[in-house]
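Participant: take this sequence and fold it.
(one chain, ligands or ions: 1)
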Amino acid sequence: MINKISTIWRFILPVLILLAAAPFVLITQQTSQQLESIQADADEQAKTLVSLLSVTDELVTDKADLSMRLLKEQSQALGEPAIDGQVNTQDRVVPNLIFGSTPITNFFKLVDDLSSLVGGTATIFVKDGDDFVRVSTNVLRVNMSRATATILNPNTKAFAALSLGKSFHGVVDILDEPYITRYDPMYDANGTVIGAYYVGYKVDMKVIRDAVRNTRQLKSGFAMVLDGKNKVRFHSAHVPFSQAERLFHEQPEGWKFVTEEIPNWGFKVVVAYPLSEARAIGLAHSWFIIITAVVLGTILLVIILWQLRRLVVNPIGGDPALAIDVVKRIAAGDLENDGLEAKPNTLMSNVLNMRQKLREGIAALRESSERMVLSASVFEHAHDGILITDVDLNILNVNPAFCKITGYSREAALGTHPKNIGFVDNDPQFFEKIQQESEYAGEWRGEAKNLNNKGESYDAWIDIFAVRDDAQKITNYVCLFSDITERKQAADEIEHLAFYDSLTHLANRRMLIDRLKRAFFSSKRTGKDGALLFLDLDHFKTLNDSLGHAVGDLLLQQVASRLTECLRGGDTVARVARLGGDEFVVMLEDLSSHPIEAAAQAEAVGQKILATLNQPYQLATHEYHSTVSIGVALFGDHVDAQDDLVKHADIAMYQAKRAGRNTMRFFDPLMQEAIDTRADLERELRKALDRQQFQLYYQIQVDQLNRPLGAEALIRWIHPERGMIPPFNFISLAEETGLILPIGEWVLDTACAQIKAWQTNELTRDLTISINVSAKQFYQNNFVNQVQAAVYRHGINPSLLKLELTESMLLENIEDTIVTMTALKEIGIRFSLDDFGTGYSSLQYLKRLPLTQLKIDQSFVRDIVCDSSDKAIVRTIIAMAKSMELEVIAEGVETRDQQELLLKIHCKQFQGYLFGKPITIDELDASLKASLR
Ligand SMILES: Nc1nc2c(ncn2[C@@H]2O[C@H](COP(=O)(O)O[C@H]3[C@@H](O)[C@H](n4cnc5c(=O)[nH]c(N)nc54)O[C@@H]3COP(=O)(O)O)[C@@H](O)[C@H]2O)c(=O)[nH]1
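Facilitator: Have a look, this model is predicted:
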C-alpha cells in the first residue's frame, strides 16, 4: 500500500477531495442562501403589496368612520329613530322608519349630503323581519336608479354582525367592486335594532393593481391578489391570468408560493416563483466563489507541495513514509538490502548508510561473536596453558590447562604476576625485558624453566605476544605455554643416543665431527686457532683381557669423568668425545692466533690431561694405574676436512706411543720443536727471576730542544748461555704462564728505585721513568695497592712514574680500567697511551680516561717523511691530543728529517734511536751527566 500511494499523494488526496467538495458545499450553501434570499424577497414583495392594501384600508376606513359619525349625527339631528307603521317603496311594504318626525324611506337628503360632503356611498336600512331593507341610499343599481327596497345580502358578514346587534367593518364586494364599508346597527329608544346605517367607499385599486402588475419575482415568478373567494383579482402583467390562476390552484412542486393575508379584507397576496430559477441563480452566484476557491486552492496546493518537497521530501530524500518504513524495519531488526537508493546528503541516504553500517557492524559482530565463542572454546579446551595479563602483567584470566600444568588454581593465579607463580624462573629479569622490548617487537617465543605450585621445575615452551588497541598502545599480554619437559627429555634422549656415547655419556664421533665443523668455521672467522688432542689409553687391551670388559668399562667411565672434570673451568673452550674403545678426543677452541702460542696452549692442556689421567684408579676392587698417549693437531695445520684433522691427531698419538707412551706429540715436527723450545724457555724463565737474570735498559726521551725528559724502562733477560734475550721472545710467554706478574712487580720496583736514585741528584731529579704494564698485571685486584706500595716504599714523587698502557688492554674492560686509572691518578701516577693509532680507540672512551700522554706508534713515524698518509695520521693525533690537553711523544724517531717534520707539526717530545738506544742505567747516567752538565 505504501508503495502504491506515496506520502505526498496521501497528503494531496484529502486536499484535492476537500478542494473538490468545497464547490459542492459552496454551491449548496450558496443555493440555499440564494433560495432563502429569494424567499425573503418574495415575502418582502408580498408584504409590500399587503401593506399597500393596508394603507388603503386604513385611509378609507378612517373616512368611513368619519362618514358614519356624520350620518348618525345628521340623522339624529332629525330626531330619535323609530318605526312608525309601514310604508311602501318600490312595490315593497317595509316598516316606516322615522327620525323624529321625518320619514326616512325614500328620503335621500341625509345620504346625498353625506356623499357630497365626504364622498362615498351611504345607506339607511330598516329592519324588516330578519331582512335589512335599503330605504334611503345613494347606491345605484345597474340601471343607475337608487337601489331602495333591496335587501342586505343575508350571507354576508355584515348581515351576521347586524343581526347580532353588532357593527361591521370591512371590505364588501358590491357589484363586483370592493368597498370598504361600515355597518352600524340602529336602535330605537327601546334599544331595539330597527335598522342600520351604512357608509362605504369604493376602494381605488389602481395603485395596487399597477403594483401587482409590475411585480416580477425572478424571471418567471409573479404576484397576484386573490379575494376571499380565491378569485384572482390582479396578477403580474407578464403572466397570463389563466396561468396564474392554474398555478395557484395546482400549486406544483417546482414552484414556491408565498402568501400574505390582508386582515379585514379576506384578500391574500400571493407571490410565486419557480424553484429551478432560484437554484440557477444560486448556482450562478456560486461560480465566482467556486472559481476563486479552486484557483486559491490550487495555488495553496502548489505552495504546500513546493514547501513539502523543499522542507520535507527533499531533506528526507524520498517518500517520508518510505523512510519511516525503512526506519521501522531497522528498528524491527530487518536490515536486508532492498535495493533502495537515495540522493546523497539526505535523511534517506543517511538512513540507508546507517542500515548498511549496521548490517556490516552486525555481520562483524556476529563474526566476532562466533570467533569469540570459538576462542572461548579454544581457551577452555586448549591443551596449552593460556594466561592473559593487563599491561602491568597482572594476570586477568587463565584457562583450565594453565591450572593443570602449573598446579595453581585460577583464584590463586588471578591478580598475581607470572613470575610470582614460577614463570621463567631461569631469568628473573625476563618480564622486565619483555615489557621493554614489546614496544618494538611485541612478540617473544622460546624455552623457559618454570616452577609449578610445588616448586618443581618444568620445561616450558612459551609464546608471549602483546595485544594493542587502535592507538597501538599495549593493553594486554597473552602467554601461551606448554609443558615440554617430557618432549624435551625424549628429544634429549634421542639426541643423546645419536650424538653421545652411551657408556661414558661423552660426545660420540658424529657429534665431534659436527662440533669440529663449527669450530673450523668459527676459527676462520675469528682468526683464533684450535687444536684436537687424540687420546689413547696405554695398555687398555691388557686390562680388558685380564680383568674383563666390565672393569675396562669402569676405567673408560672414570677416564671420561676425569677428562670432563679437569677441562672444566680452563681458559680455553674444551670439548671431550669418545670415538670408541679406549680412544678419546679433546677439542680446544679460541686458542691464540699465533701458532706457537696456540700450540703452547694445547700443550699445557695436554700436560694437564696426562697428569690427571696418571692418577691411580679404583676399578671395583682393583686399584689400577693407567697412562695415556696424546697426539695433537692444530686447526692451522692446513687441513680443511675435519676427518683429516682427526687422522693427523691420530698419527701424532702413534708417535707418542712410539716415543714410549704416557706422553704427547704434535703432528707438525716443527711445531713439536717449537713447543719443546718453548717448554725449555718456560722452565728457564721460572728460574730467571730468582737468579736475577733480568735487567732494565733505559731509552731516553727528549723535548723539542733534545733536552732529556726521562726514559722508558725496557726489560732485558740476560741468559747465562743464550745471552741477552729481547722482551719480544719472552714477554708473551710470561703473560701466558702468569710469570708476568712477578716480573712486572720487579720492573715496577726497579724503576721506582731508579727514580729515587735520580731524585737525589739535582740534575736528574725531574726525570721521569715510563714502564710497560701488561694487561694481566693491570687487571690484578691489588695492582693499585702494588703501585702505591712501591711509590711509598721508595718515597718517590709519583708524578715521575709513568705507566704505559696499550689501547687494546684498556678497552678490554673500560669501566674497570677507568676505576683503576682514576685510583692511580689520585695517588699522582701518570699514564701514557702506548702504540697510539694502531688500535680502534673511540674518542668517547679516550675522553673518559685520565691520560697524560699519547705515544705515537713507531709504525707511523717510520715512513712519516715519505708517506703522506702517515703524516696525516700523526698530524691528526697531535691535533686531537691538543684538543684533549694531552702531551704527545713520538717513538721510533731515527732520523733528523723525521724529528724536523714532527717538530713542524708541533710534536714536542721524542724517543728513538736518534736520541739513544735502550742502554744500561750506568750508560744512561753517564750520557745524562754529559748532556745535563
Ligand atoms: N710488560 C712489559 N713489557 C715490556 C717491558 N719491557 C719491554 N716490554 C715490551 O717489549 C716490547 C719490545 O721492547 P724492546 O724490544 O725493548 O723495544 C723497544 C725499543 O727498543 C724499540 N725502539 C725504541 N726506539 C726505537 C727506534 O728508533 N727504532 C726501532 N726500530 N726500535 C726502537 O721500541 C720498543 C719500545 O716500544 P714501546 O714500549 O712501545 O715504547 C715493548 O714494546 C714492550 O711492549 C717490561 O718491562 N714489561
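
Participant: how about the helices in the stretch 351-500 of the chain?
Facilitator: Secondary structure of the stretch 351-500 of the chain by DSSP state H, counting those that start in this stretch: the helices cover 400-406, 410-413, 430-438, 485-499.

Participant: could you list the low-pLDDT ranges of the stretch 501-650 of the chain?
Facilitator: The stretch 501-650 of the chain contains residues with pLDDT under 70 at 570-572, 637-640.

Participant: show me which residues of the chain sit near the ligand.
Facilitator: Applying Cβ under 6 Å from any ligand atom, we find that the chain lies next to the ligand at 699, 712, 714-715, 726-728, 731, 744, 747, 771-772, 774, 804, 834-835, 858, 891-894, 911-913, 918. Backbone N, C-alpha and C define where each C-beta goes, glycine included.

Participant: now, which of those lie within strands?
Facilitator: Among these, the ones falling in strands (DSSP state E) are 699, 712, 714-715, 771-772, 804, 834-835, 891, 911.

Participant: where is pLDDT lowest across these?
Facilitator: Minimum pLDDT across these is recorded for residue 835, with 82.

Participant: any idea which of the helices of the stretch 351-500 of the chain gets closest to residue 203?
Facilitator: helix 410-413 (130.3 Å; Cβ to Cβ).

Participant: quick check: mean pLDDT of that closest one?
Facilitator: For helix 410-413, mean pLDDT rounds to 94.

Participant: quick check: buried residues in it?
Facilitator: Buried residues in helix 410-413, counted by 16 or more other Cβ atoms under 10 Å: 412-413.

Participant: hey, which of the helices of the stretch 351-500 of the chain is tucked in deepest?
Facilitator: Counting by mean count of other Cβ atoms under 10 Å, helix 400-406 has the highest mean neighbour count of the helices of the stretch 351-500 of the chain, with a mean of 20.

Participant: tell me which residues are up against that helix.
Facilitator: By Cβ atoms under 8 Å, 6 or more residues apart in numbering, the list of residues contacting helix 400-406 from outside reads 380-387, 408-410, 413, 421-422, 450, 452-453, 458, 460, 481-483.

Participant: do stretch 543-558 as well
Facilitator: Contacts with stretch 543-558, where a contact means Cβ under 8 Å, 6+ apart, come from 503-504, 537, 540, 578, 582, 617, 619-620, 622, 624, 626.

Participant: how about it: buried residues?
Facilitator: By neighbour count on 16+ other Cβ under 10 Å, the buried set for stretch 543-558 is 543-544, 547, 551-552, 554-558.

Participant: from the residues you listed, which is closest to residue 115?
Facilitator: For the buried residues of stretch 543-558, the nearest to residue 115 is residue 557 (191.1 Å; Cβ to Cβ).

Participant: quick one: residue 770 and residue 700 touch, right?
Facilitator: No - using Cβ atoms under 8 Å, residue 770 is not in contact with residue 700, being 11.1 Å away.

Participant: where do the contact lists of those two overlap?
Facilitator: 710-711.

Participant: of the two, which one has the most company?
Facilitator: More neighbours surround residue 770 than the other of residue 770 and residue 700, with 27 against 23 (other Cβ atoms under 10 Å).

Participant: give the contact list for that one.
Facilitator: By Cβ under 8 Å, 6+ apart, the residues touching residue 770 are 701, 710-713, 802-804, 832.

Participant: buried among the contacts of stretch 543-558? Need that as a selection in ChimeraX.
Facilitator: In ChimeraX, a selection of the buried entries from the contacts of stretch 543-558 looks like this (16+ other Cβ under 10 Å):
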select :504,537,540,578,582,617,619,626
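
Participant: middle-most residue in this protein, spatially?
Facilitator: Nearest to the mean C-alpha position of the chain, by Cα atoms, centre = their mean, lies residue 470 at 7.5 Å.

Participant: tally of neighbours for the residue lying closest to residue 91 once chain neighbours are set aside?
Facilitator: Closest residue to residue 91 apart from its sequence neighbours, by Cβ to Cβ, 6 or more residues apart in numbering: residue 149 at 7.2 Å. Residues near residue 149, counting by other Cβ under 10 Å, number 19.

Participant: got any ranges where this protein has weak pLDDT?
Facilitator: In the predicted model, the chain carries pLDDT under 70 at residues 1-8, 11, 174-176, 570-572, 637-640, 839-843, 933.

Participant: domain map for it?
Facilitator: Listed domain ranges for the chain are 79-202, 323-381, 382-490, 500-667, 690-932 (source: automatic domain parsing).

Participant: still on that earlier bit, make JSON lines from the contacts of residue 770 and add neighbour count to it.
Facilitator: Below are these laid out as JSON lines (neighbours: other Cβ atoms under 10 Å):
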{"residue": "701", "neighbour count": "26"}
{"residue": "710", "neighbour count": "22"}
{"residue": "711", "neighbour count": "27"}
{"residue": "712", "neighbour count": "25"}
{"residue": "713", "neighbour count": "23"}
{"residue": "802", "neighbour count": "23"}
{"residue": "803", "neighbour count": "22"}
{"residue": "804", "neighbour count": "18"}
{"residue": "832", "neighbour count": "26"}
